[in-house]
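K.L.:
sequence plus predicted model, see below.
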Amino acid sequence: MSTLGVNLSHFLLKNDVEPALISAIESISNACKIIASKVRVAGLADILGKAGKTNVQGEEVQKLDELANDILVEYLSESKVFYGLASEELDEPIFPEKGKEGEFVVSFDPLDGSSNIDVNVSIGTIFSIHRRVNGTVEDFLQEGYKQVAAGYVIYGPSTMLILSVGNGVVGFTLDPDTGMFLLSHPEIKMPEKGKIYSINEANAEKWDREGLREFIQTLKQEGYTLRYIGSMVADVHRTLIKGGIFAYPSDKKNKNGKLRLLYEAAPMAFLIEQAGGLATNGNENLLKVKPENIHQRTPVYLGSQKEIKQLLELLR
Ligand code: AHG
Ligand code: MN
Ligand code: MN
């Protein structure tokens, strides 16, 4: 049977993924289908705009950030397979009553690209699954290469789930008729090099890495174009499919950059590497970094082999 069009659950069964991990991924996918339905009608359901509070990151929470977080917490808490949940929108991880026997911990960014919600630009949900080790908060602080699964859902012209369980990257597209994620991209492989760089150049004067401006200048001279959407999920998705480089560097104000290691950088780095690309914090492979705290930030440079190797030669 052609694998195109097979649904998520059947694909995972066909690939002999362990039952508990199938349940884990299915609970995330179910929550994200609900989030997708809310995103689609956000303007009608009075869930645009600010929720009137700030999160642990000191950022203004959008109503959809909160709603997406509530939906994921509800679905994942009932799944019995997650011992612990960590979220961008939760100060501390939570340990669901029904998850006491759970084999996994999950970290997620319930709604990535919040600044784009009100202007109807692609946003997403990012997730990272680790195996439970000793049943404490330490289980969240494992290096990225130990992830058992990582992925994102992008709420764009179509809703897609991009996933890796450690043997390549696959893509599913939400089929409105069946309400199922159907396999649309059986094997996502990054091009060796791209023609696009993706970075917020408004911060260029503040970047604190010698060689970075020179690198960007070189790409311009080589004829690269700039694409920057401002939702990590959308910028990384384009980089995964078309190649090139996405970067959110550290700067004089943000010594560790803006993006969070546990639920933005590490899952995206896992996908990029699984698809044949590279991901670094400017000094070492992002997947080798041992997190010290849940909401730790990190500089992010990820993309095709050519651009990342070229960057690392120039960074001083
Ligand atoms: P979030 O909405 O989860 O806080 O993430 C926003 C992040 C990320 O999606 C994006 O790459 C970055 O913020 C954009 O930041 P700038 O607007 O500073 O470029
Ligand atoms: Mn985010
Ligand atoms: Mn977010």
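P.N.:
Perfect, I can see it now. Ligands and ions are numbered 1, 2, ... in the order given.
K.L.:
just the strands in the stretch 101-250 of the chain please.
P.N.:
104-112, 123-131, 149-155, 159-164, 170-175, 180-185, 196-198, 225-226, 245-248 (DSSP state E, counting those that start in this stretch).
K.L.:
mind putting those strands into TSV with mean neighbour count, distance to His10 and mean pLDDT?
P.N.:
From N, CA and C alone the C-beta is placed, and that goes for glycine too. Formatted as TSV, the strands of the stretch 101-250 of the chain follow (neighbours: other CB atoms under 10 Å; distance: least, CB to CB, whole Å; pLDDT from 0 to 100):
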stretch	mean neighbour count	distance to His10	mean pLDDT
strand 104-112	28	21	98
strand 123-131	26	20	98
strand 149-155	27	17	98
strand 159-164	24	14	98
strand 170-175	20	11	98
strand 180-185	19	9	97
strand 196-198	23	34	98
strand 225-226	12	39	98
strand 245-248	26	32	98
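K.L.:
to ligand 1, which of the ones you listed lies closest?
P.N.:
strand 104-112 (4.1 Å; CB to the nearest ligand atom).
K.L.:
before we move on, back to that, could you dump the strands of the stretch 101-250 of the chain to CSV with distance to Gly52?
P.N.:
Putting the strands of the stretch 101-250 of the chain into CSV (distance: least, CB to CB, whole Å) gives the following:
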stretch, distance to Gly52
strand 104-112, 16
strand 123-131, 20
strand 149-155, 23
strand 159-164, 28
strand 170-175, 31
strand 180-185, 34
strand 196-198, 32
strand 225-226, 35
strand 245-248, 27
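K.L.:
and the residue most central in space within the chain, how far is that from Val106?
P.N.:
Among the residues of the chain, the one closest to the centroid is Ile126, at 3.6 Å (CA atoms, centre = their mean). According to CB to CB, to the nearest Å, Ile126 stands 11 Å off from Val106.
K.L.:
so what's Leu161 bridging to?
P.N.:
Val153, Phe172 (DSSP bridges).
K.L.:
isn't it up against Phe172?
P.N.:
Yes - between Leu161 and Phe172 a contact is recorded at 4.4 Å, counting by CB atoms under 8 Å.
K.L.:
need the overlap of contacts for these two.
P.N.:
With contacts defined as CB atoms under 8 Å, 6 or more residues apart in numbering, the residues shared by Leu161 and Phe172 are Leu8, Phe181.
K.L.:
which residues touch the residue nearest to the centre of the chain?
P.N.:
Taking CB under 8 Å, 6+ apart, we find Ile126 in contact with Phe108, Asp109, Asp112, Gly151, Tyr152, Met232, Val233, Tyr263, Glu264, Pro267, Met268.
K.L.:
out of the strands of the stretch 101-250 of the chain, nearest to ligand 3?
P.N.:
Ligand 3 lies closest to strand 104-112 among these, at 4.4 Å (CB to the ion).
K.L.:
Ile245 reaches Leu312, doesn't it?
P.N.:
No - applying CB under 8 Å as the test, Ile245 and Leu312 come out as separate, 11.2 Å apart.
K.L.:
would you agree Phe11 falls within a helix?
P.N.:
Yes - when classified by DSSP: H, G, I helix; E, B strand; the rest coil, Phe11 is found to be part of a helix.
K.L.:
distance of the closest residue to it other than its chain neighbours relative to Val170?
P.N.:
Closest residue in space to Phe11, ignoring its immediate chain neighbours: Leu183 at 5.5 Å, by CB to CB, 6 or more residues apart in numbering. Separation of Leu183 from Val170 (CB to CB) stands at 7 Å.
K.L.:
mind listing the helices for the protein?
P.N.:
For the chain, the helices defined by DSSP state H occupy 8-14, 19-40, 63-77, 212-221, 232-242, 266-274, 305-314.
K.L.:
buried ones in the lowest-mean-pLDDT helix or strand in the chain?
P.N.:
Here the helix or strand of the chain ranked lowest by mean pLDDT, DSSP states H and E is strand 60-62, holding a mean of 76. Across strand 60-62, burial judged by 16 or more other CB atoms under 10 Å covers Val61, Gln62.
K.L.:
measure Thr173 to Glu313 for me?
P.N.:
38 Å.
K.L.:
what about Ile241, how many residues nearby?
P.N.:
17 (other CB atoms under 10 Å).
K.L.:
contacting residues for it?
P.N.:
Ile188.
K.L.:
ok, Gly211 next?
P.N.:
Leu314, Leu315, Arg316.
K.L.:
ok, so of those, who is nearest Asp139?
P.N.:
Leu315 (32.5 Å; CB to CB).
K.L.:
residue of this protein nearest ligand 2, please.
P.N.:
Closest point on the chain to ligand 2, by CB to the ion, is Asp112, at 3.4 Å.
K.L.:
ok, that residue touching Ile123?
P.N.:
Yes - using CB under 8 Å, Asp112 is in contact with Ile123, at 6.3 Å.
K.L.:
so for the two, which residues contact both of them?
P.N.:
Ser231, Val233.
K.L.:
to what extent is the nearest residue to Tyr155 once chain neighbours are set aside buried, counted in neighbours?
P.N.:
Nearest non-adjacent residue to Tyr155, counting by CB to CB, 6+ apart: Val39, 4.5 Å away. Neighbour count for Val39, taken as other CB under 10 Å: 25.
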